[in-house]
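Sharing a model prediction with you, sequence too.
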Amino acid sequence: MFSNFTGSGKPKRTSLDDNAAGLIAHFEHSYDARLIATMPKSLVPGEEESTYEDNNVKLPKEGRQVSITLSGESIAVSEHIGTRIGDMRERKILEMGWTDLIEIAWDHQQSQVRFKQRGVEDGPDPYSIFLVANSLELEANIKLRLKGLLGRLRGQGRIPSSQYIGMFAGVTKPKPFQRKRASLTTDPSEILPPLEEMRAIAVEKYRGSGKPMDSEHSARRALAIEHIYDGKCTFLVSVASGPGLEGYRDQSLLCLGENDISYFASEHAMQSDNKSLYMQYDEIESWDVLDGSHTPERCLMLTQKNSNLTFTFSLVQNGYNLPTLLHLKHTMEFFWNQHLEHSQRPALPNTTHGRAVARVFTLQGHRNPVPPPLGDLDVKDENGNVVANISERNRRSSSVGAKDVNQAALNTGPVIGSGKFEAVRRNTTQRATKRGSFFGGSKSSTPAVERYGARETWSYVTKHQGWLCKKGGIGPTGKKWLDRYFVLYSTAMGHFLSYYSDYGDSPLFSNERKERNLIDLGKVTFIRPVSNQQDAPAYSFDIVTIEREWTLSASNENDMQRWLQLLTTAVDEDVAIVPDDDLAFEVKTLKDPTDRLVKFDYSTLIKVSAFGVSIGIKGGKYDYQERFFWCYTDFYKWSVQNQFGKLTLFVSVFGSDDFNQQSKMDLEFRTRQAVQLASAIEFYIEKFMSIMYLKNEGLEVDSGGGGDVEYGNEDDYGDNTGVGEASDDEPESVAQSVDLLSLDNTPVPPVATAVSIENSGGIPLAEASFSPPPPPAASPGGGGRGDAAANDLLSIGVSNSAGNTSGAVDHSVGGELLDTFTTPSVTHAPQSCLDNMEKVNIPQFKKGKKEGMLYSEPGVLNVMLKHEWRGSQGRVSLCYVNAGQGEIVGLKSELKAEENNAAAVRTMLNPIPGEGKVAPGSQVVQQLMIECMQPFDSFPVVTLDFESGGTKRCYKLKVPCGICNFIEGTQMEGDDFMARWQKLNSPSLQSQTIVNSKAAVVPALVDQILTGCGLKTIPTLSEKSGGVCGVGTLKTGSSNASGGKISVGILCRVEINQAAQAYRVTVRTAHGGVSKILVDELKERL
C-alpha cells in the first residue's frame, strides 16, 4: 500500500497537474475513519459481535470503526473482524464506484465527509457519512483522483459534484454557492422576497444611506475603533426634537453605549458629561430608523415607556465621511439585540447586527450551534506572565460560562469539531525565539499600566486575545516571522481582529490608536485551518478576505484550535454584515453594446460594494462619472476567461427593471485582477442574499383561525331560505372568442428551434409565436433545462457553452452547488427548488405576472413561463433552457391533471422541437393550450423526462392555472347586486370564512385582490356597506342543452373589521364548488 501523505496531518503539496492526476490512479491510499450514518441503514451490513476495535486509531468513539481505501476505480469501506490481532480478518462492507457517486460533501469544521450515490428510479439517493482524522488530506487525494478520472472519461461519464459546509476550505477554494453557511434565524424556510422587491431595496440603499464610501475613509471602521476604545458610538446630530430638546441643532451629539443612550447639546457638554437626555434600553418602548423610503423623515425615533414620549434625531449628512442613518440603524440593532439577549429574549426580527448564530448546517441537516470555547481575557506578556487578570466580563449567551466546559470544547473538537487535525509541523522555518519589534529591536521591559476606566469596556468588547506569529518586518534580510499581540473584538459594526507590536499598545493600556492593522471579519471569504504558505511556521492558518490573505501561527495545537473556533463563530455571526466601502478595479472595456464606456483603454472603473456594482469613467482622484449601476439581482451570469494569456471578465446583465430577456446585454472587461473582481461579486451576492433571507423573518402564515371575531347578526346578510339559480346572461364575446383547441388535425410546425444563447442571445419568451395552432398529430413531447435569473438570486447564472475552450473559470451563480470538475446530477428535482417554485414564483403568476421564471435549478434547469387568457381558454408558453455542460437528449413531456380534476380541464401540449435534443446554453419553447370545462381546485402538472450526461431525470412541475384565470368581471349596479345576493342565499351555494390580518386592513388592498381574481368591484355599494363587493363570471367550455357555453355567476362580499384587523369573506355562486374554491383563493391572497 503506497501513501502520498505523511501521518494524519497536512498533505504534501502535490500540484494538481495532469501527470500527478494520471499517476495517482495506480496507487491505493487508506484512511482510518468512523462510519457516522447511512441512509438507508441497510446500505451496509450490521456489525458483528467480534468486530475488532484498534485502540491505536486516534478518533472519537462515535460511530463504527472502518477503513476507507481509495483506488483508481472506486472507494472501498472495510472493517476488521476478530477478537484479537491473531485471528483478525478484513470484511468489505461498502464499495462505491467514482462514477456512481453524484456528490461528495465536506464539513472540514467537523472533519467529516458524505458520499452520496445515485439512487434507483423514484427512490432517494443513498449516502454514507464518515469522520476522518483530517478531511483536508482526504479531499486533496480525492480531488487529484477526480481530475485524473475526468481526463480518462473524455466526456463519456460524470464525476461527483462538491458541496461544502461552513467557512473552512482545503486544497480548492469553494465558491460561495457551493457551500451552506450558518443562519441567524431559526426559521428553516428562508424564502427570498420577490426579485423586484430585492432590487428595489438594493437601489434604495445604494442611492441613500447605504451609498458606499471609499476604502480609505470608512465610517464603519471609525465607529468600530471608537467602540473598542470608548465603549460607545457617537453620531453628529443636525436636529433633535422631543420634550426638553427643542432648539438643539447642529453639532449636538448622540451617543449609543452598552446600556444606554445619551444626548449632548455640544461636544463641550459631552466632555463635561452634561446630558440633555439619558435613557436606558429598559426605558425604551420602541424605536425605528426612518430613512426616507416610505416617509419624508430621515431620523432615529425613540418612544419612551409609560410616558409615550417620542424623541427624534436627524444626523448631519453633508460632512465628508460622516456616519449615515444606516450606520446608526446597525449600531442601534447591535445594542438593542445585546439588551434582548441579556434579558433572554430573541433578537429583533429582520436585523443583521448583534445576533448570535441560530442554526448551523451539518452533513445530516441543520442543528443548534455548539457553544464555542470562552476566549482568554487575561493579558500576558511575551514570556507568558499574566500582566492583567480580567476576571469578569459580559459574555454573549452563545458562549459557555464554565471553565470546565470551555476546556472540554478544546479537548473534544477537531480543528473544530470531533476529530483532531494533527497538522504536520515544518522544521524548515523556526519560530522566533525572542520577540522583537517591527524593526527587529527588543521591546521595552517596563510593565504597561492599565488605562483608567478601560477594563469595563475591554471586558465587554474583547472576545479573545493572545500572541500570534505573522510575517512582517523590513531590512536587509527581508520579511521575517514576528510575534504580534492580537485581539478579537465584537463591536457594533461587527467583529474585527486587530494586532499590535506589544500588549501595551492595546486599548486596555493605551488611549492612542496604535493598532498596526484591523482585519474586518465581515470581509472574510473563507478560512484555511492549515496554511497554504510553504514557509509558514507550525500551527499556522490562513484568513482570506476580499482584500488580502493573512497567515497567522499559534504557539501550540490548543491555542490554534481556540483561535479557529472563535474566529469561525465571529465570521458566522457576521454573515449578514456588509462593509460600507467599495472595492475599485481599473479595467479596459473590450465590449459595451451601449457605447457609454470608453473602449480599449484603462479608463473604466468598476466599484463593487454591498448593494451592487457601479461602472463608470474615472478622471482625477475624486472624479468619477457613473455610467451603470447593477444590483446583484441584475446579474444573469459572469465568467473569467484567459484569452492569449490575458484575463477577461465576461458579464451578462439585465438592462431593465422587469428582468426582460430582451434587455440582456453582454460586456467584456480586461484586467489582471479579473479573478479577484469576480470573487468580490460572488462575495457580495452571498452577503446580499443573507440579508434578503432575513427580510421575511417573523412573518407568520395565516392559520385560518379567527372564530372569536365578532361580526353583525346573520340577518344583516339576508334570509337563507331561497334557492339560487344560474344566470343565462352570456356576453357575445364568448361565442366569438378564438378556439385555441380547434379539432383541426393539420400538423403544426415547431414553435421554435433550439438556439444558442451564447451566440444569439436566445429567443425571449416575448417573441414566441402565439398564433393558435391546431393539435399535433403525434403524441406530446417535452421540455428542457437551463439557468436564467428571474425570481431567485441563486438561479441567475448560466454555465458557459460547451464550445468554450479558452480556459474559462466559471463564476455562474447557482442554488445547486457546482464543482470544479462537473455539474450536479440528481434524479429528481431538488425539494428546495420545488419549494421556491411553489412559495415564490407561482404566487407571483397568481397575482398577475405575465411572464417570468417558473422553476429554477441553477446549473441544471430553468423553465420560463408566459401565459395569456381569454374567456374559457388560455395559452401557456414554456421555455426550457439547458444550462448544463452537456447536451440534453430524449427530452419529452407529459401533462396530467389530478384524478378529481381530470375532466375539469381540456388540454393540448404541442411537441417539443429539436427532436428532444437541447445543446448547452440553448433553449426550446413549447406551447400548452388549456380550456376550463368545470370548476377545479388544483394545478395541472407537467412531467419532464430527459437524459443529460448519462443521468436520467424526471421533474414534475406545476402549471399556475386556476379558476381565477377564467373569471371575467361583470358590470353591475348596487341594487341589482343586492337583489341577486338575496336570491343566492342557499347554504349549498355559499361559502364563508374569516381571515385575520397581521397588517392594517384597508379597502384598497381588498379591491386590488378582488380585481386580481378577475372580479369587478362596485364602488358605490362598497362605500355604503363599509366593505368591498365584486362581481364576475366563470367561463367554461362546456355546452348547455341549447348549445351555448355554460358560465357561472359570482357574487363576492369582503367585510372589514378595523378593530379586530380581520376580514369576513363571503362568496355566493350558482355552483357551490365555485364558491368554496374562490373563498379559499381569496383567503390565501388576503
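On my side now, so go ahead. Numbers count the residues shown, from 1 in each chain.

what residue ranges in the stretch 451-600 of the chain score low on pLDDT?
Applying pLDDT under 70 to the stretch 451-600 of the chain picks out residues 473-478.

Which stretches in it count as strands?
For the stretch 451-600 of the chain, applying DSSP state E, counting those that start in this stretch gives strands covering 462-472, 480-491, 494-500, 517-520, 524-528, 540-545, 549-553, 583-591.

Let me have the ones you listed in CSV, extended by distance to Glu1055 and mean neighbour count.
Placement of C-beta: from N, CA and C, glycine included. CSV is the format used below for the strands of the stretch 451-600 of the chain (distance: least, CB to CB, whole Å; neighbours: other CB atoms under 10 Å):
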stretch, distance to Glu1055, mean neighbour count
strand 462-472, 56, 21
strand 480-491, 52, 21
strand 494-500, 49, 24
strand 517-520, 55, 18
strand 524-528, 54, 22
strand 540-545, 57, 22
strand 549-553, 64, 20
strand 583-591, 55, 19
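
now for these, which one comes closest to Asp559?
Proximity to Asp559, assessed across the strands of the stretch 451-600 of the chain by CB to CB, is greatest for strand 462-472 (6.8 Å).

The closest one - contacts with which helices or strands?
strand 379-380, strand 480-491, strand 494-500, strand 549-553, helix 557-573 (3 or more CB pairs under 8 Å, 6 or more residues apart in numbering; DSSP states H and E).

can you give me phi and psi for the residue nearest the centre of the chain?
Centre of the chain computed as the mean C-alpha position; nearest residue by CA atoms, centre = their mean is Met689, 4.1 Å away. Backbone torsions of Met689, given as degrees, to the nearest 10, read phi -70, psi -40.

Kindly provide the distance from it to Lys607.
20 Å (CB to CB, to the nearest Å).

Do I have it right that Pro243 meets Leu309?
Yes - if you go by CB atoms under 8 Å, Pro243 and Leu309 touch, sitting 5.4 Å apart.

To Thr185, which of the helices and strands packed on strand 462-472 lies closest?
Among these, helix 557-573 sits nearest to Thr185 (CB to CB), with 12.7 Å.

Distance from the closest one to the middle of the chain?
Taking CA atoms, centre = their mean, to the nearest Å, one finds the center of helix 557-573 at 24 Å from the center of the full chain.

ok, Pro243 and Leu309, which is more surrounded?
Leu309 (14 against 11; other CB atoms under 10 Å).

which residues sit in contact with that one?
242-243, 303 (CB atoms under 8 Å, 6 or more residues apart in numbering).

Just the ones in strands from those residues, please.
Thr303 (DSSP state E).

now the contacts of Leu309 as a markdown table including distance to Arg89 and pLDDT?
Listed next are the contacts of Leu309 as a markdown table, based on distance: CB to CB, whole Å; pLDDT from 0 to 100:
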| residue | distance to Arg89 | pLDDT |
| --- | --- | --- |
| Gly242 | 83 | 86 |
| Pro243 | 86 | 85 |
| Thr303 | 75 | 90 |
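
Go through the strands of the stretch 451-600 of the chain and name the closest to Leu101.
Nearest to Leu101, of the strands of the stretch 451-600 of the chain and by CB to CB, is strand 524-528 at 24.0 Å.

Check which helices and strands that closest one sits against.
strand 540-545, helix 557-573.

quick one, phi psi at Glu1081?
Torsion angles, degrees, to the nearest 10, at Glu1081: phi -70, psi -40.

Show me what counts as buried in stretch 191-207.
192-196, 198-206 (16 or more other CB atoms under 10 Å).

quick one on the thing from earlier: and which of the contacts of Leu309 is nearest Ala1060?
Of the contacts of Leu309, the one sitting nearest to Ala1060 (CB to CB) turns out to be Thr303, at 24.5 Å.

and the closest one, what does it touch?
284-287, 309-310.

Endpoint to endpoint, stretch 928-941 covers what distance?
This stretch, stretch 928-941, spans 12 Å end to end (CA to CA, to the nearest Å).

mean confidence score for it?
For stretch 928-941, the mean per-residue pLDDT is 88.
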